[in-house]
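Asker: Attaching a predicted model along with its sequence, questions to come.
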Amino acid sequence: MKIYSYFPGCTLKDKARELERQARLCAEKLGFSLREIPNWQCCGAVYPMAEDEIAPKLSAVRALQYAREQGQDLVTVCAACHHVIKRVNDDMAVGGDVAMRANRYLGLQPPYQGQTRVLHYLEVLRDEVGFDTLRQKVVHPLSGRQIGAYYGCMLLRPSSVLRFDDPESPTILEDFLTALGAEPVLYPMRNECCGGYRTVTDPQGAARAAARVTGNAAACGAQELMTACPLCRYNLEKSGTPGMKVTYFTELLAQALGVEEEPQ
């Protein structure tokens with residue numbers, strides 16, 4: 001069984017526990033294991049754009065260095081955590097002032113230079129397990145369910161760094177749904193921002209953005225939405241089209257694989 005270093009992030013231990021629980025259970029069912037990094041700290045949730053700002057990036061560097069020491073790839077499930085850690089890893093690989101200062105501050109010898117491969121759980125399913133293999137393990141196909149895959153911002157952009165999928169015409173979530181037996185619904189706004197990060201400073205603008213996404217999905221025939229981002233789920237459920245259910249991709253995976261949650 002292949003073992004991955006695993007960075008859960010804060011929200012998956014609180015508001016998005018179901019996103020993590022099913023991810024762990026389904027991993028064991030699919031032949032790999034997520035080994036949580038000890039003493040991890042919040043990734044910061046937002047990638048810091050200031051070139052001279054290293055403090056918010058140190059948590060990601062620590063996680064990346066730990067995975068390197070274990071000789072393992074680093075897996076994330078939360079779209080925001082994946083976004084931050086993948087971009088920080090690129091910073092360290094490129095080098096320059098940020099990498100030099102981070103290595104010096106943390107006392108890393110030899111210095112960390114982006115050696116760890118960062119994967120989202122969905123990339124593990126696509127590239128390591130394989131969607132054909134996943135399809136064979138489905139015991140409860142999601143037949144007849146018309147589900148719109150919602151990508152949002154964090155998984156796809158900047159595409160030159162994240163290299164997750166085509167930012168304009170992604171397919172990984174639809175291929176995932178097809179493997180589970182569902183009917184993926186394509187709609188134009190599946191890779192547009194839901195406005196989640198505007199909720200505090202511009203709640204009305206965020207609400208309008210979420211309503212546009214869910215309204216567009218509903219108009220194209222989606223009966224429910226699927227996402228990998230806790231903030232997207234919150235915003236879409238709070239401000240989106242009434243009655244539009246929003247589900248984490250791991251919840252659908254657990255349903256299709258017949259994985260029962262352990263009593264909490």
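Answerer: Sure, I can see it.
Asker: can you pull the pLDDT of the nearest residue to G31 once chain neighbours are set aside?
Answerer: Excluding the flanking residues, the one nearest G31 by C-beta to C-beta, 6 or more residues apart in numbering is M1, at 5.8 Å. All C-beta spots, glycine's among them, are computed from the backbone N, C-alpha and C. M1 is assigned 91 on the pLDDT scale.
Asker: how much space between M1 and F32?
Answerer: 6 Å (C-beta to C-beta, to the nearest Å).
Asker: out of these two, which sits in the busier spot?
Answerer: Ranked by neighbour count (other C-beta atoms under 10 Å), M1 and F32 place F32 first, with 18 against 8.
Asker: so what's Q264 scoring on pLDDT?
Answerer: pLDDT, Q264: 46.
Asker: which stretch of helix or strand covers A60?
Answerer: helix 58-70 (DSSP states H and E).
Asker: list the helices and strands that helix packs on?
Answerer: Judged by 3 or more C-beta pairs under 8 Å, 6 or more residues apart in numbering; DSSP states H and E, the packing partners of helix 58-70 are strand 2-7, strand 74-76, helix 79-94, helix 97-106.
Asker: Nearest approach to G195 belongs to which of these?
Answerer: G195 sits nearest to helix 79-94 of all the helices and strands packed on helix 58-70, at 14.6 Å, using C-beta to C-beta.
Asker: Tell me the buried residues in the closest one?
Answerer: Within helix 79-94, the residues scored as buried using 16 or more other C-beta atoms under 10 Å are 79-92.
Asker: and which of those residues is nearest G148?
Answerer: For the buried residues of helix 79-94, the nearest to G148 is A79 (16.1 Å; C-beta to C-beta).
Asker: that older thread, nearest to S169, out of the helices and strands packed on helix 58-70?
Answerer: Closest among the helices and strands packed on helix 58-70, using C-beta to C-beta: helix 79-94, at 18.4 Å.
Asker: re the thing from before, I'd like to know which of the helices and strands packed on helix 58-70 lies nearest to A50.
Answerer: helix 97-106 (9.8 Å).
Asker: If we go by neighbour counts, what in that closest one is buried?
Answerer: Buried-residue list, helix 97-106, by 16+ other C-beta under 10 Å: V98, A99, A102, N103.
Asker: how about the buried residues of helix 79-94 in CSV, adding pLDDT and distance to H120?
Answerer: Output for the buried residues of helix 79-94, formatted as CSV (pLDDT from 0 to 100; distance: C-beta to C-beta, whole Å):
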residue, pLDDT, distance to H120
A79, 97, 8
A80, 96, 11
C81, 97, 9
H82, 98, 5
H83, 97, 9
V84, 97, 12
I85, 98, 10
K86, 98, 8
R87, 97, 13
V88, 97, 15
N89, 98, 13
D90, 97, 15
D91, 96, 18
M92, 97, 18
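Asker: Specify which member of those residues is nearest to R117.
Answerer: Among the buried residues of helix 79-94, and counting by C-beta to C-beta, the member closest to R117 is N89, at 8.6 Å.
Asker: In this model A63 seems to touch that closest one, though I could be wrong.
Answerer: No - taking contacts as C-beta atoms under 8 Å, N89 lies outside contact range of A63: 9.5 Å.
Asker: buried ones in the helix or strand encompassing E237?
Answerer: Using DSSP H and E, E237 maps to helix 230-239. For helix 230-239, a neighbour-count test (16+ other C-beta under 10 Å) marks P230, L231, C232, R233, Y234, N235, L236, S239 as buried.
Asker: how about the strands of the chain, start to end?
Answerer: 2-7, 32-36, 74-76, 118-120, 146-149, 183-185, 224-227, 245-248 (DSSP state E).
Asker: Any chance of a markdown table for these, columns distance to L177?
Answerer: Listed next are those as a markdown table, based on distance: least, C-beta to C-beta, whole Å:
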| stretch | distance to L177 |
| --- | --- |
| strand 2-7 | 23 |
| strand 32-36 | 21 |
| strand 74-76 | 20 |
| strand 118-120 | 16 |
| strand 146-149 | 6 |
| strand 183-185 | 4 |
| strand 224-227 | 7 |
| strand 245-248 | 11 |
